[in-house]
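1. Quick one: sequence plus predicted model below, questions after.
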Protein chains: 4
Amino acid sequence: SRVRDLGVIPGTLATGTLNAITDVPGVRVGQTTIDDGNELHTGVTAIVPAGFATGLPTAVAVGNGYGKLVGSTQIDELGVVETPILLTGTLSVFRVADALLTWLLDRDPTATSLNPVVGETNDGFLSDIRRRPISPQHVFDALESASSDLPAEGCVGAGTGTTALGFKAGIGTSSRQAAGGVVGVLVQANFSGTLTVLGTPIPARDVLGVPTGNSCMIVVATDLPLDARQLGRIARRAVFAMGRVGSDFAPGSGDYAIAFSTAPSVAAGAPASAAAPASGAAPASAAAPASAAAPANGAAPASGGVPERELFSLFQAVMEATEEALLNSLTMAHTVTGFRGNTRHALPHDVLLSRLRTAGVLT
Amino acid sequence: SRVRDLGVIPGTLATGTLNAITDVPGVRVGQTTIDDGNELHTGVTAIVPAGFATGLPTAVAVGNGYGKLVGSTQIDELGVVETPILLTGTLSVFRVADALLTWLLDRDPTATSLNPVVGETNDGFLSDIRRRPISPQHVFDALESASSDLPAEGCVGAGTGTTALGFKAGIGTSSRQAAGGVVGVLVQANFSGTLTVLGTPIPARDVLGVPTGNSCMIVVATDLPLDARQLGRIARRAVFAMGRVGSDFAPGSGDYAIAFSTAPSVAAGAPASAAAPASGAAPASAAAPASAAAPANGAAPASGGVPERELFSLFQAVMEATEEALLNSLTMAHTVTGFRGNTRHALPHDVLLSRLRTAGVLT
Amino acid sequence: SRVRDLGVIPGTLATGTLNAITDVPGVRVGQTTIDDGNELHTGVTAIVPAGFATGLPTAVAVGNGYGKLVGSTQIDELGVVETPILLTGTLSVFRVADALLTWLLDRDPTATSLNPVVGETNDGFLSDIRRRPISPQHVFDALESASSDLPAEGCVGAGTGTTALGFKAGIGTSSRQAAGGVVGVLVQANFSGTLTVLGTPIPARDVLGVPTGNSCMIVVATDLPLDARQLGRIARRAVFAMGRVGSDFAPGSGDYAIAFSTAPSVAAGAPASAAAPASGAAPASAAAPASAAAPANGAAPASGGVPERELFSLFQAVMEATEEALLNSLTMAHTVTGFRGNTRHALPHDVLLSRLRTAGVLT
Amino acid sequence: SRVRDLGVIPGTLATGTLNAITDVPGVRVGQTTIDDGNELHTGVTAIVPAGFATGLPTAVAVGNGYGKLVGSTQIDELGVVETPILLTGTLSVFRVADALLTWLLDRDPTATSLNPVVGETNDGFLSDIRRRPISPQHVFDALESASSDLPAEGCVGAGTGTTALGFKAGIGTSSRQAAGGVVGVLVQANFSGTLTVLGTPIPARDVLGVPTGNSCMIVVATDLPLDARQLGRIARRAVFAMGRVGSDFAPGSGDYAIAFSTAPSVAAGAPASAAAPASGAAPASAAAPASAAAPANGAAPASGGVPERELFSLFQAVMEATEEALLNSLTMAHTVTGFRGNTRHALPHDVLLSRLRTAGVLT
């Protein structure tokens, strides 16, 4: 079950229709799962936004740079992503990047420079990571199968072999409506700490053993016309939100968030009129608590496609959606035995619910 | 009462003797409180480490750069602090920096370039901030009164007029033992969100009204021989820990952490032998869960005065100490009525305890 | 004489009307010079852009962070400057920032948070820097006297006591037309190295003695609708251009560039139609060498108010204007004897011209 | 010929024995050249430092992030390189990174996480870049053939197909002695601008046609015990030095410098005694002009393995060595006709010498 179907509802904002990153118009997700029932539990997850080839405003936040994220320096410089964003296992990251290049070069016969963006976490506890089993076809399949449906969650794609907070985890997604648009999040959860649900700690060691895991990739999409600087602020909050589910922000964890906007209005050469809907969005001023909460600083000006004061609700949205996506990555996963017989148990829903009832969080 | 005296104990590591930043040998704190019983509620808090004049390894982490932190670019470049670190109210930050210069120039008759470090948060809700009431003497008094005792907390010094999470807040401090040394934290709490204690939300709006507040300064000290890069990693965890007490990481919040080491061993020109105690520290390997928690990445090498794997316990230490310092800033504060009759109520201890008992967190 | 009047013409682009930062519409400069004919040679230079109070897109590039630049973290976060930009001597930087606050608070009776931006270089060789002689009135005078005329250059304002490349230097300015707009630069030159003019080294030691000096502040203005990210790219090129006149980029030099745009179109909430003129600017595509020079990468997309490919001519513009502004800071200066009888000689024009003729650079 | 053999001598410091990056003890270079005499002109250059597997202090400086540098975020976080550093053509960068992984995994049967560092520039003018012709064996050959001899320069390895400043360029190397150690540089030159030799512009367009080219990778090695922060300062000067040979720092140029130290003394867990030789190095204080040039700031403390004041001579060393390496990349190259019949002419030595004699720079 998704965590919300268990009655756990992080935050207060309304979700999008699917409660997924695919609620952002034009964003599609495709995944390839490699599970041989034995020593291979890995895969590829592709986030494919419409219009990537012309560049979408994008920023990367580095929570802890212990990871092999491909493509970050050019995003920092130019403020755009120009390819789909792929996730996979650590040692396969360059094979996946190269396969993405193949796919892109086939689509654009004149391209001679491209900046593929591929993130990874280490699924070596459950999968024979040194085999680097991802083939180009696996990558093409993820890209070609991308759809705007609710993405599969749990032990799927790049989350097939990942674990988080001591439990089996994987891919999770969620979304929130805010400031007249939508913020969607997809995570590849693979980090350590003590699982915390709505404030209640549920230590895996009490239930299943010692927590392990070592990284988290977070992809954030929005249809609001944020510029790269503003998206960087959003991305940092996605990292902060890892704390809400109990991340210990360990030194060996590669924690990154990549946030992009599908709105063309702040991209180079875009028709100026395209920016109008956002700046005129009525619900945004209704989200006014930002100015109430920060009276002293609230009036300060800033550059960007959305008035800076409206970021308040977007920050809330990205933190809520990240929290819920991380929880979904756990509740949607199932127990897996893999490499060398290592087993990672799923979070037992009955334990979760029992603990939350005891804590008075659920009734 | 300090929060620990109420029975609230964040985390599992042992505190230092005083449970304060002054547990770090050589670190002293002095404060000047300006409270005219009417429209002025502000002040100065000075953190004065021994040996500052020869430079101490230091890093700044910017959680949200909406603040007027003085001195950060030179710390980024040289990796050292060369003056005491002062905290005050927003519009007084330059007067305080200039007074700190006066104090330093008087002590060093040949100095012609110095990099004072002064942080601020906006205490304009309770204090007539536009008056900029801090005089040089106020600054000198804070510096000259610095002692290694337990610092006063709550409505004192730079925390005299600050509020956090909807309640009156101020200065708080705490410490933890880890890796054979100590990590001490002092905070000036002034940010928004929903107060969360040991996972239990205690919304101010239920109790006292709408939360406001807009920034947080966190100063971290340690006696372990960390270099500036490692201190940057520590500082970022201090910011992350704001989430544990319910920060909403609002766009108008100037959230910074400054972390420094009093150990001379990794500073320029230090005797190489000085580094020995730390690398030989037996308790550090006892803190070995880092390697257990991150088996895949744990073996990776890194530069710095302390083996990177030992940072695991230091990260835990700084997050626990920041959480407790923030809670102390609340539980040690009292209700204040100030500028324009604005009132900010203290967190009622009985409400706090009642909520925690209901949640089953306290018995 | 300005260097161009001596026949030295850096680069190929056309200057603006005044060949000054004040060629950018709405940008005014005011200066206060403190020269007691004896031990005080310092001052204030104010760059006052129209519309600063509503925020102008801005970025800071740190070439070498050994300096006390006030205001940088908030610019990094919000991408705007919201005050005039002031320059002064090192130890006076906080007094100047505080006086700027006074001036701003007087103009805005409701402001409770402002981010003054003040840069500095160390004029202690010629001025008794420890006296911190800048009063609030000196700052007000600089601000109130700001005009759109050609700014005074050489030993004036914040450049009264500075020296560069072994010679007396000071304030210099220049501008270039590019991409349908104008790029203006003002420098406070105070750094070390070997003076190089149009590629010809003119070592001060051959002429006048040992070079000293230790910092450089560069302010860049443009009327083109660049966003903060793009302005960061521009600002970095201003730092790079210091190499053209022979900077040795010494470790003790605080080298910063601050670049801002006066165009409202990419700021938050600006009318979308305001962006139109720039994207339709015909001369920009005439500046097409960018695409010729970088065929492989030239087509890549990026976010920002001006198409990324047009930055090629803006980079050229800012480097040429910075080079010429730095040379003006030297050729417009006169020999000064100051603190403790220290003397710094002006660059002798006849020596300059003779060397350039010998080198075949001038005829 | 190497440029020094033509009589062109950049700077004043003495070179190492070979005037090459391999003058740094323990640093070896291996290269694979792919030149089919027709449409393929590309290759691999490997810089292989002894002790890489235990981590060497390292920093990356981003001059312009328009490039696909693999491995930078982890270097930023941990301050070390843990693999050889490879250079290649743009679209092959991920194949090379994956082959490097293969080579490393074969050598370390327990490794499950590695951070390969691979840089690239775009050699698509002379080579059919879309074919991605680099095989794993090409990479292994470069790694296995690494030696401490003088590396081949010009049209070799990753420089087989690159061009710079309008001329055929490629790989170049140089070194300088400073502060009791050596600084070595190796470049893959592929950028635009106007060739400038010892200050004398030698525009390719006058000689051979329109300049093109779009990136520059610079690798810096030293045996001095610098920490990662200090290496970052060194790396930035390497980028600055591109200006000395006429780089226009174009927007589409991926300009990066990677600097590492082979000295174990500042790495984690290193024997403290190892740091002794450097801090006691007599020649360093002889390089004292740093303190002379920056009297005001020169006394400020900083953290790191080498006293900050000694960086002055290292900055000079890296700028001189980068300048000479870039010139070697040109003078050692020969004219190449490649992809689609495109031709890039070598810099004619007679033209170079004639221009320099006319300018009076050579006699």
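-> Now that the structure is in, tell me what you want to look at.

2. Give the closest residue to A:Asp248 in space, chain neighbours not counted.
-> Spatial nearest neighbour of A:Asp248, chain neighbours left out: A:Gly193 (3.9 Å); criterion: C-beta to C-beta, 6 or more residues apart in numbering or on different chains. The way it works is simple: take the backbone N, C-alpha and C, and place the C-beta from them, glycine included.

3. okay, that neighbour: pLDDT?
-> Looking at A:Gly193, its pLDDT stands at 93.

4. The one 3 residues further on too?
-> In the predicted model, A:Thr196 carries a pLDDT score of 96.

5. Settle this for me: it is touching A:Met242, isn't it.
-> No. In this structure A:Thr196 lies outside contact range of A:Met242 using C-beta atoms under 8 Å: 10.6 Å.

6. more neighbours, these two?
-> Between A:Thr196 and A:Met242, counted using other C-beta atoms under 10 Å in any protein chain shown, A:Met242 has the larger neighbour count: 29 against 20.

7. May I have the residues that are in contact with that one?
-> A:63, A:191, A:216, A:218, A:249, A:255, A:322, A:326 (C-beta atoms under 8 Å, 6 or more residues apart in numbering or on different chains).

8. Can you report phi and psi for the third one?
-> Main-chain torsions, A:Cys216, degrees, to the nearest 10: phi -150, psi 130.

9. if you average pLDDT over stretch A:13-20, what comes out?
-> Per-region confidence: stretch A:13-20 scores 98 on mean pLDDT.

10. whoops, I mixed them up, stretch A:122-135
-> 96.

11. how about that stretch against chain B, any contact?
-> Yes. Stretch A:122-135 is in contact with chain B by C-beta under 8 Å from any C-beta of the partner chain, via A:122, A:124-125, A:129.

12. so where's the stretch 251-363 of chain A shaky on pLDDT?
-> Scanning the stretch 251-363 of chain A for pLDDT under 70 picks out A:264-304.

13. Show me where it has its helices.
-> For the stretch 251-363 of chain A, the helices defined by DSSP state H, counting those that start in this stretch occupy A:276-279, A:282-286, A:289-293, A:311-331, A:349-358.

14. on that earlier part again, out of the residues of stretch A:122-135 next to chain B, which two sit at the greatest distance?
-> Maximum pairwise distance among the residues of stretch A:122-135 next to chain B (C-beta to C-beta): 8.9 Å, between A:Phe125 and A:Ile129.

15. circling back to that earlier point, quick check: the gap between the residue nearest to A:Asp248 and B:Gly159.
-> According to C-beta to C-beta, to the nearest Å, A:Gly193 and B:Gly159 sit 30 Å apart.

16. The stretch 1-150 of chain A: helices as residue ranges?
-> A:72-78, A:93-107, A:136-144.

17. for those, which one ends up most surrounded?
-> When the helices of the stretch 1-150 of chain A are scored by mean count of other C-beta atoms under 10 Å in any protein chain shown, the highest mean neighbour count falls to helix A:72-78 (a mean of 25).

18. so, in contact with chain B or not, it?
-> No. Applying C-beta under 8 Å from any C-beta, one finds helix A:72-78 separated from chain B by no less than 15.5 Å.

19. Between A:Gly193 and B:Gly159, which is the more surrounded one?
-> Counted by other C-beta under 10 Å, A:Gly193 and B:Gly159 do not tie: B:Gly159 has more neighbours, with 35 against 23.

20. ok so, going back, mind putting the contacts of A:Met242 in CSV, neighbour count included?
-> Below are those laid out as CSV (neighbours: other C-beta atoms under 10 Å in any protein chain shown):
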residue, neighbour count
A:Gly63, 28
A:Phe191, 35
A:Cys216, 33
A:Ile218, 29
A:Phe249, 25
A:Asp255, 26
A:Thr322, 30
A:Leu326, 29
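
21. Looking at these, which is nearest chain B?
-> The shortest distance between chain B and any of the contacts of A:Met242, using C-beta to the nearest C-beta, involves A:Phe249 and amounts to 5.3 Å.

22. OK, contacts around the closest one?
-> Here A:Phe249 is in contact with A:63-64, A:193, A:242-243, A:255, B:236-237, B:240, B:315, B:319 (criterion: C-beta under 8 Å, 6+ apart).
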